[in-house]
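*Asks:* Build the 3D model from these lines:
(one chain, ligands or ions: 2)
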Amino acid sequence: MERVTTGIPGLDTIIGGGYPRGTNVLICGSSGTGKTIFCTQFLEEGIVEKNEPGIFITLEERTADLQDEMLGLGWDLAEHQRNGNLMIIDAASPRIGASEGSELRIGSNFEIDALVLDIHRAATRIGAKRLVLDSIPALMLKVGESEEFRGALFRLSALLLEIGLTSLMTTESIDPFLVSRYGIEEFLARGIIVLSLEEEVSDLKRFLRVRKMRGTSHSLKNIPFEIVKEKGIVLYVAK
Ligand SMILES: Nc1ncnc2c1ncn2[C@@H]1O[C@H](COP(=O)(O)OP(=O)(O)O)[C@@H](O)[C@H]1O
Ligand SMILES: [Mg+2]
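*Replies:* Ligands and ions are numbered 1, 2, ... in the order given. I've put the predicted structure just below:
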């Protein structure tokens, strides 16, 4: 099975060399647990180390805010965009569509099928291999909670499979046992990684746990990590 590196030092070993290529992994965690950083690190490493262009669909933060935040971690997304290695599809701004002078547009009424088409075009244009959708609940807010959303998510995941993109999608986890709010996400996801903040002697500590990774045997341990300036996520894996 071909593997795609995660971009997180130490994590590849835990899941047997990386994500199975073409898989779809759900990144769960409440606000501030590091989901956006985790996903960006995946794209950053793909672009810088593996020559694998990426697509970032942002629904919670505008492109400019995302660029600013990630610059603090040493990742220059704007430069990747200029070099044609990264396409940010900004569905957070009032004017929906791919950013920065691109002719890609979703239109004034948000339609998930238009987004799917947009992803397809972007993937073809830059030869994308990796994709991030941040976040599913924000997408659901735009589309509305309905049967239609479910169908649309299916079409989206079918497209991703067809064009062979390895993708990460974020969601909140309210109930750690249900993992995701809508169930469907879990059903669609071939892998689940949970990020959390847990109290330890009155301090909050960050943890990562691989809950599910199809086709892979993996540890279920809660692995401590930190978010480090100019580095991103640093795992503390026991030797
Ligand atoms: N430049 C930085 N250096 C170190 N830690 C950072 C930096 N930028 C953000 N963080 C940490 O990352 C957290 C946000 O991570 P983020 O991925 O946006 O979380 P989520 O997407 O789960 O809400 C912040 O609360 C902060 O603790
Ligand atoms: Mg986020």
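*Asks:* Which phi and psi values does the residue nearest to residue 226 when sequence neighbours are not counted adopt?
*Replies:* Excluding the flanking residues, the one nearest residue 226 by C-beta to C-beta, 6 or more residues apart in numbering is residue 234, at 5.2 Å. C-beta coordinates here come from the backbone N, C-alpha and C atoms, glycine included. As for residue 234, its main-chain torsions (degrees, to the nearest 10) stand at phi -120, psi 110.
*Asks:* again, but for the one 3 residues further on
*Replies:* In terms of degrees, to the nearest 10, the main-chain angles of residue 237 are phi -90, psi 130.
*Asks:* To what extent is it buried, counted in neighbours?
*Replies:* The number of residues packed near residue 237 is 16, by other C-beta atoms under 10 Å.
*Asks:* just checking, it touches residue 223?
*Replies:* Yes - judged on C-beta atoms under 8 Å, residue 237 makes contact with residue 223 at a distance of 6.2 Å.
*Asks:* list residues touching both of the two?
*Replies:* 10, 14 (C-beta atoms under 8 Å, 6 or more residues apart in numbering).
*Asks:* just how off-centre is whatever helix or strand residue 149 lives in within its chain?
*Replies:* In this assignment (DSSP states H and E), residue 149 forms part of helix 147-162. Centroid separation between helix 147-162 and its chain, computed with C-alpha atoms, centre = their mean, to the nearest Å, is 16 Å.
*Asks:* Which neighbouring elements make contact with that helix?
*Replies:* Judged by 3 or more C-beta pairs under 8 Å, 6 or more residues apart in numbering; DSSP states H and E, helix 147-162 is in contact with strand 24-28, helix 112-126, helix 136-143, helix 184-188.
*Asks:* try 10 Å
*Replies:* strand 24-28, helix 112-126, strand 130-134, helix 136-143, strand 166-171, helix 184-188 (3 or more C-beta pairs under 10 Å, 6 or more residues apart in numbering; DSSP states H and E).
*Asks:* for the ones you listed, which one sits closest to residue 4?
*Replies:* Nearest of the helices and strands packed on helix 147-162 to residue 4, taken as C-beta to C-beta: strand 166-171 at 4.5 Å.
*Asks:* Quick one: neighbours of residue 81, just the number.
*Replies:* For residue 81, the neighbour count with other C-beta under 10 Å is 20.
*Asks:* Is any residue of the one helix or strand residue 70 maps to near ligand 2?
*Replies:* Using DSSP H and E, residue 70 sits in helix 63-71. No - against ligand 2, helix 63-71 shows no contacts by C-beta under 5 Å from the ion, the least distance being 8.9 Å.
*Asks:* Report the distance from that helix to the chain centre.
*Replies:* 15 Å.
*Asks:* likewise stretch 120-136?
*Replies:* 11 Å.
*Asks:* do the same with stretch 221-236
*Replies:* Relative to its chain's centre, stretch 221-236 lies at 17 Å (C-alpha atoms, centre = their mean).
*Asks:* check contacts around the residue nearest to residue 235 when sequence neighbours are not counted.
*Replies:* Leaving out its chain neighbours, the residue that sits closest to residue 235 by C-beta to C-beta, 6+ apart is residue 10, at 4.2 Å. Listed by C-beta atoms under 10 Å, 6 or more residues apart in numbering, the contact set of residue 10 reads 208, 223, 225, 233, 234, 235, 236, 237.
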